[in-house]
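[1] Okay, sequence plus prediction incoming.
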Amino acid sequence: MASLIDVRDLLALQGRMEASQLCRALHLSLPMVEAMLGRMEAMGKAVRIQQEAEGCLTGSCKACPEGKSACQQEWWSLTGR
């Protein structure tokens with residue numbers, strides 16, 4: 001089983017990653033990775049970066065069943081500390 005150190009090392013190597021990418025790389029479930037990232041964020045070791053996808057058309061979110069949240073990407077990166 002992967003540890004917080006494994007998550008930190010992978011983020012250090014890749015720069016920034018999505019939680020789903022971390023799941024695949026470390027062979028962990030998404031809830032486990034999200035819990036680890038949340039703990040690292042609370043300790044000040046990781047930061048969450050949210051950005052909207054550039055390919056999203058203006059106004060298309062109204063017709064999308066998932067709404068605007070489907071267009072946002074969430075990345076994780078290590079802090080500079």
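    Great, that's in hand.
[2] count of residues packed around the residue lying closest to Glu18 once chain neighbours are set aside?
    Nearest residue to Glu18 in three dimensions, chain neighbours excluded: Trp75, at 5.9 Å (C-beta to C-beta, 6 or more residues apart in numbering). Quick note: C-beta positions are derived from backbone N, CA and C, even for glycine. A total of 16 residues lie near Trp75 under the criterion other C-beta atoms under 10 Å.
[3] Likewise for Val33?
    Val33: 23 neighbours (other C-beta under 10 Å).
[4] so it is in which element?
    helix 30-42 (DSSP states H and E).
[5] Just checking, which helix or strand succeeds that helix along the chain?
    Following helix 30-42 toward the C-terminus (DSSP H and E): strand 46-52.
[6] which outside residues touch that next one?
    7-8, 11, 16, 37, 40-41, 71-79 (C-beta atoms under 8 Å, 6 or more residues apart in numbering).
[7] ok, and the most crowded of those?
    Val7 (26 neighbours).
[8] Can you point out the buried residues in the helix or strand it falls within?
    Val7 is located in helix 4-14, with elements delineated by DSSP H and E. Across helix 4-14, burial judged by 16 or more other C-beta atoms under 10 Å covers Val7, Leu10, Leu11.
[9] Can you list the strands that whatever helix or strand comes next after that helix pairs with?
    The helix or strand immediately downstream of helix 4-14 is strand 16-17, counting by DSSP H and E. Applying DSSP bridges to the sheet, strand 16-17 is found paired with strand 72-78 (antiparallel).
[10] residues contacting Met1?
    If you count contacts by C-beta under 8 Å, 6+ apart, then Met1 has Leu28 around it.
[11] actually Glu41, sorry about that
    Per C-beta under 8 Å, 6+ apart, neighbours of Glu41: Val47, Arg48.
[12] Could you tell me how many residues sit around Gly44?
    Neighbours around Gly44, by other C-beta under 10 Å: 9.
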